[in-house]
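*Asks:* Can you look at this prediction? I've put the sequence above it.
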Amino acid sequence: MKIKIIFLFLCFNSLSYAESYLKASNGITWDKNNQTYSAEGNVEFKNNEIKAFANNIVAFYLIENEKEIFQNVKLNEEVEIYYENEIFRSNSADYDKLKSLIILRGNVSIVSPDRYLSGDELIVDLENNTRVLKTIGKDSLAEALIKDE
């Protein structure tokens, strides 16, 4: 069963559910059987950990205490994720709430007040507060620019 939800409805509806929300300019499709929301066009996702933007997002949820709780979010095209004082950018990303992980792939960068990092893949462990930046291929380069004071 798939239902197309109008952006305006979800915007107003999301105000009453402050825990998390999903907004999109080109609409959202709810798939009850697969427990997903698919959103396209200037998509915004927010929960108590992150705020994310992308052109396409698929959010998987579980039912806990009669509420839909987003567990995994797949973001594609022009991904931008805000976490505390950092901004992560990439071509695609997977956010796993249960594992407290964000994995970003393709043209990855981290921007914070004190540094700029770039590479091909980034694994962000939110629970342990670690960042692992990787390169793919022999011509790839991982780069770290640290602000000197």
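*Replies:* Now that the structure is in, tell me what you want to look at.

*Asks:* for the chain, what spans make up the strands?
*Replies:* Along the chain, counting by DSSP state E, strands occupy 2-5, 21-23, 28-31, 36-46, 51-64, 67-83, 86-96, 101-111, 115-125, 130-134, 143-146.

*Asks:* can you redo these as JSON lines with mean pLDDT?
*Replies:* Shown next, in JSON lines, are the strands of the chain (pLDDT from 0 to 100):
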{"stretch": "strand 2-5", "mean pLDDT": "46"}
{"stretch": "strand 21-23", "mean pLDDT": "90"}
{"stretch": "strand 28-31", "mean pLDDT": "94"}
{"stretch": "strand 36-46", "mean pLDDT": "95"}
{"stretch": "strand 51-64", "mean pLDDT": "94"}
{"stretch": "strand 67-83", "mean pLDDT": "95"}
{"stretch": "strand 86-96", "mean pLDDT": "97"}
{"stretch": "strand 101-111", "mean pLDDT": "95"}
{"stretch": "strand 115-125", "mean pLDDT": "92"}
{"stretch": "strand 130-134", "mean pLDDT": "90"}
{"stretch": "strand 143-146", "mean pLDDT": "68"}
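
*Asks:* Export these as CSV, with columns for mean neighbour count.
*Replies:* To be clear about C-beta, it is placed using only N, CA and C from the backbone, and glycine gets the same treatment. Below are the strands of the chain laid out as CSV (neighbours: other C-beta atoms under 10 Å):
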stretch, mean neighbour count
strand 2-5, 11
strand 21-23, 20
strand 28-31, 18
strand 36-46, 20
strand 51-64, 18
strand 67-83, 18
strand 86-96, 19
strand 101-111, 19
strand 115-125, 18
strand 130-134, 14
strand 143-146, 10
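
*Asks:* From residue 136, how far out is the residue sitting nearest the centre point of the chain?
*Replies:* For the chain, the residue nearest the mean C-alpha position is residue 52 (4.6 Å; C-alpha atoms, centre = their mean). According to C-beta to C-beta, to the nearest Å, residue 52 and residue 136 sit 23 Å apart.

*Asks:* Repeat that for residue 80.
*Replies:* To residue 136, residue 80 is 21 Å away according to C-beta to C-beta.
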